[in-house]
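>>> Sequence and computational prediction follow.
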Amino acid sequence: MTMKKIINPWSDYPDYNCFGCCMNNPIGLHLQFFEDGDDIVSTWRPNQNYQGWVNTMHGGILSTLIDEVCGWVVTRKLQTSGYTVQLNVKFRKPVPTTEPELTIRARVTKQVMNLAYIHAEITNSTGELCDEGEAIYFLMGEEKAKEMGFTHCDVEE
C-alpha cells in the first residue's frame, strides 16, 4: 500500500490559520498529512526556533505535533470534525533541534459513542521512538461539523 496525500478540507475556509497545518501561517508548523493504511502520518523538520532547552525540542511543540496528527485521524478516518478532550504525552527520548526529520504517526485504537481514542508516536530519522501520545477526541455530529466548515476529507489519487 502506498501513502496518499490528504487534501486539507479547510485550505479555502475564511480565517483558517491553524498553527499546526495552515500552510500560510507565518509562524506555523506547516504540517501536511498522508494516509498509510489505518495510520495518518506526517513528517516535520525541527529547528532552533522550537527549542525548550539548548538544542533540544520544546515538549509543548512535540505535544502539538501529536495533537495535530490525532486531529487529522478524526478528519480523515472518522470523516468529521472534533476537538481534544484529553492528551497524555510520554517523552521517551530527547529530540535534538538538529534532528533531520521526525515522523509523526497516529491511529484510532477505539471509539466509544462520540469519543475517539487515538494513539500517536513520534520517531526520529533513525526510527527510534521519541514520544508517545494518547488522545481522546470528542467527535462532532454531522450538523456541528458542517457549521465548523467540514463536509468531507479526501486523498489525492
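Received the coordinates, thanks. Numbering: from 1, shown residues only.

>>> which parts of the helix or strand of the chain with the lowest mean pLDDT are buried?
Counting by mean pLDDT, DSSP states H and E, the chain has its least confident helix or strand at helix 142-147, which shows a mean of 93. Buried residues in helix 142-147, counting neighbours by 16 or more other C-beta atoms under 10 Å, are found at residue 145. In this view, the C-beta of every residue, glycine as well, is placed from N, C-alpha and C.

>>> ok, now stretch 59-74?
61-74.

>>> any chance of those residues in TSV, plus secondary structure and distance to residue 86?
Output for those, formatted as TSV (DSSP: H, G, I helix; E, B strand; the rest coil; distance: C-beta to C-beta, whole Å):
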residue	secondary structure	distance to residue 86
61	helix	19
62	helix	17
63	helix	12
64	helix	15
65	helix	17
66	helix	12
67	helix	11
68	helix	15
69	helix	16
70	helix	11
71	helix	13
72	helix	17
73	helix	15
74	helix	14
